[in-house]
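In: Sequence and predicted structure below; questions after.
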Amino acid sequence: MSEASGERRLFILLACPAIVLTGFGAILPIVWIIRQSFFDKAGELTIANYGRLLTSDLTWSAFGTTLSLSVMTLAICTILGIPLSLALASVSRKTAGRLMILLLLPLWTSILVRTYGWVVLLRRDGLINSFFVATGLSDQPVPLVYNFTGALIGMVHYMLPLFVLPVYAAMRDIDGNIVRAAASLGASFWKCVRTVILPLSTGGVISGATVVFVYTLGFFITPAVLGGGKVNPISIRIERTLSTFQDWGEASALGLLLLILVMLIGAMLVSVRRLLRLGVRNA
Amino acid sequence: MLDAYRDSIGAKLLLWGVSSLVLAFLMLPTLIVVPLSFSASDLLEFPPRHWSLRWYESFFASPAWMAALSTSLRLAILTALIAVPVAFMAAIGMDRLGFRVKAGIYGFILSPAVTPGILLAIGLFMVLAKLGLVGTFSGVLVGHVVLAIPVCVVVLNPAIARFDWQQALAAQSLGAGWARIIVGIILPQVGTSLVAAGLMALLTSLDEAVISIFVANGANATLPKLMFISLRDEIDPTIAAISTLWITLVTVLVIFINTRLNDNHT
């Protein structure tokens, strides 16, 4: 009995360094943000930061930009990611693994390298605009970067591999016999995809959507560079509030609003996922 | 999975057509950077008309870039050296604790991975400011370690879960203590995963930008921070040279992990 509790103490002790480091380096900073959000610049306790933020059009437009960037990133990831996941799931694990290298390389390439690549490609005299003008698709360069489009392209590029991984995993888990049964009962390829494969991959798609939202709601680097100062989601507003006004209270309050948004959407998607699982079990 | 639809050639062609375009889209921005880094021109013309190594020279000859490179490399190595053992111990501890305790600790340790980077950055800045550590090497290191631990735990957990605890019981009955069991029995069996976790920790730190942008100042500025600043101001082709070096490193690592480490598991 005492030996068992001694071992238990040892195992908790083993987890302690990780807990202490995370507590100091991540949890304490978040607690500090919450605390700081209730102080004004003079150091007085106040809720004025929230009052000012919630009545400011800038805040609401920042929320709008953040949400539209996230929703559109997810929409494009879904359109591009589902066919790719299906293609990868339809070949042998070994071939899929080799093809995955093409997916993992961009995932592991520094976000700044990728952002730089997009700036080079999308500029006025960049490769894509040269192509548009040379082929006559457009008679003048299209503004593709330093605006919303640029930020969106960069975010889709960042999120796509992270979206495909869970969707691919879900499709890989589908029992091949179900697909064979659908085929032998005369379902066409597209009908089988629509009525068998997609419904069975919903869990993976929701995991992917959760990842997309959790990351994109707080994205900073991509909109900061590819948005060229014209795209102002909450993350950029936080940085502006600090660099222009040195107002830590207001920046912290904005930060807390962002955290609440992330948690709300995260909780929503997790409960959708749970409902779906229940539905499958009861069906 | 789609073997029953061997005859739907048109549909499959369409599927693979779209997939190839998507993969091309994913590779495009990294591939474009490589030829540009060997251009002789100040302009980002494509394809370059003359070739040279001048952007590599300007990178390796610049004291600011070299200082940032050295900071980033030291940070990455220290991050891996701290995060891997810490995550290894946590993974063992969690595996032996009850489901509830395990889920609690797991969620706690993983929380930095799902917190927006900008929040960790400004929060850490305020905490470090209180301690007088803003702009210091150790301040940034804390931020990187906290981000690397969840990555390492996720890599190590499945390996620890596969460990057969009967072996530990056997060793115990022969008189081995827990230190001996962990170092002598568990450690050698999860070696591959430890290497993978170490590489992931290195990459996490090397790639981290947001915390560095806020917390690392002056001589402790990291490579991504300098790249961010110079990307915001002007388009310096030196970044193409740095990017090419980065892509080479990552390509080697990804192929190594994907072929060597994965094949060992199966």
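Out: Noted; the coordinates are in hand. Predicted, not measured: the structure shown is a model, and the values here were computed from it. Residues are numbered from 1 along each chain as shown, chains lettered A, B, ... in the order given.
In: Show residues contacting stretch B:223-237.
Out: Under the criterion Cβ atoms under 8 Å, 6 or more residues apart in numbering or on different chains, residues A:110-113, A:115-116, A:119-120, A:123, A:221, A:224-225, B:36-37, B:39, B:42, B:44, B:55, B:64-65, B:68-69, B:71-72, B:206-209, B:212-213, B:216, B:238-239, B:242 lie in contact with stretch B:223-237. (Glycine included, C-beta is placed from N, CA and C.)
In: now with 7 Å?
Out: Applying Cβ atoms under 7 Å, 6 or more residues apart in numbering or on different chains, the external contacts of stretch B:223-237 come out as A:110, A:112, A:115-116, A:119, A:221, A:224-225, B:36, B:39, B:44, B:55, B:64-65, B:68-69, B:72, B:207-209, B:212-213, B:216, B:239, B:242.
In: Measure how far stretch A:268-283 is from the centre of its chain, please.
Out: 22 Å (Cα atoms, centre = their mean, to the nearest Å).
In: Could the C-alpha coordinates of it be exported in PDB?
Out: The C-alpha trace of stretch A:268-283 is given here as PDB (Å, rounded to 0.1, in the frame of the first residue of the first chain):
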ATOM      1  CA  MET A 268     -18.500  24.500 -30.300                       C
ATOM      2  CA  LEU A 269     -16.600  22.300 -32.700                       C
ATOM      3  CA  VAL A 270     -15.700  19.800 -30.000                       C
ATOM      4  CA  SER A 271     -19.400  19.400 -29.000                       C
ATOM      5  CA  VAL A 272     -20.400  19.000 -32.600                       C
ATOM      6  CA  ARG A 273     -17.900  16.200 -32.800                       C
ATOM      7  CA  ARG A 274     -19.300  14.600 -29.600                       C
ATOM      8  CA  LEU A 275     -22.900  14.800 -31.000                       C
ATOM      9  CA  LEU A 276     -21.800  13.200 -34.200                       C
ATOM     10  CA  ARG A 277     -20.200  10.300 -32.300                       C
ATOM     11  CA  LEU A 278     -23.400   9.800 -30.200                       C
ATOM     12  CA  GLY A 279     -25.300   9.900 -33.500                       C
ATOM     13  CA  VAL A 280     -23.200   7.200 -35.000                       C
ATOM     14  CA  ARG A 281     -23.500   5.000 -31.900                       C
ATOM     15  CA  ASN A 282     -27.300   5.300 -31.800                       C
ATOM     16  CA  ALA A 283     -27.800   4.800 -35.500                       C
END
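In: What count of nearby residues applies to residue 128?
Out: Since no chain was named, I'll use chain A. Neighbourhood size, residue A:128 [other Cβ atoms under 10 Å in any protein chain shown]: 19.
In: um, chain B though
Out: Residue B:128: 22 neighbours (other Cβ under 10 Å).
In: Relative to residue B:121, how far out is it?
Out: Distance of residue B:128 to residue B:121, given as Cβ to Cβ, to the nearest Å: 11 Å.
In: Give me the below-cutoff pLDDT ranges for chain B.
Out: B:260-266 (pLDDT under 70).
In: try chain A
Out: In chain A, residues with pLDDT under 70: A:1-3, A:280-283.
In: Geometric centre of it: which residue is closest?
Out: residue A:212 (2.5 Å; Cα atoms, centre = their mean).
In: Okay, and which of the contacts of stretch B:223-237 map to helices?
Out: If you go by DSSP state H, these have A:112, A:115-116, A:119, A:221, A:224-225, B:36, B:55, B:64-65, B:68-69, B:72, B:207, B:212-213, B:239, B:242 in helices.
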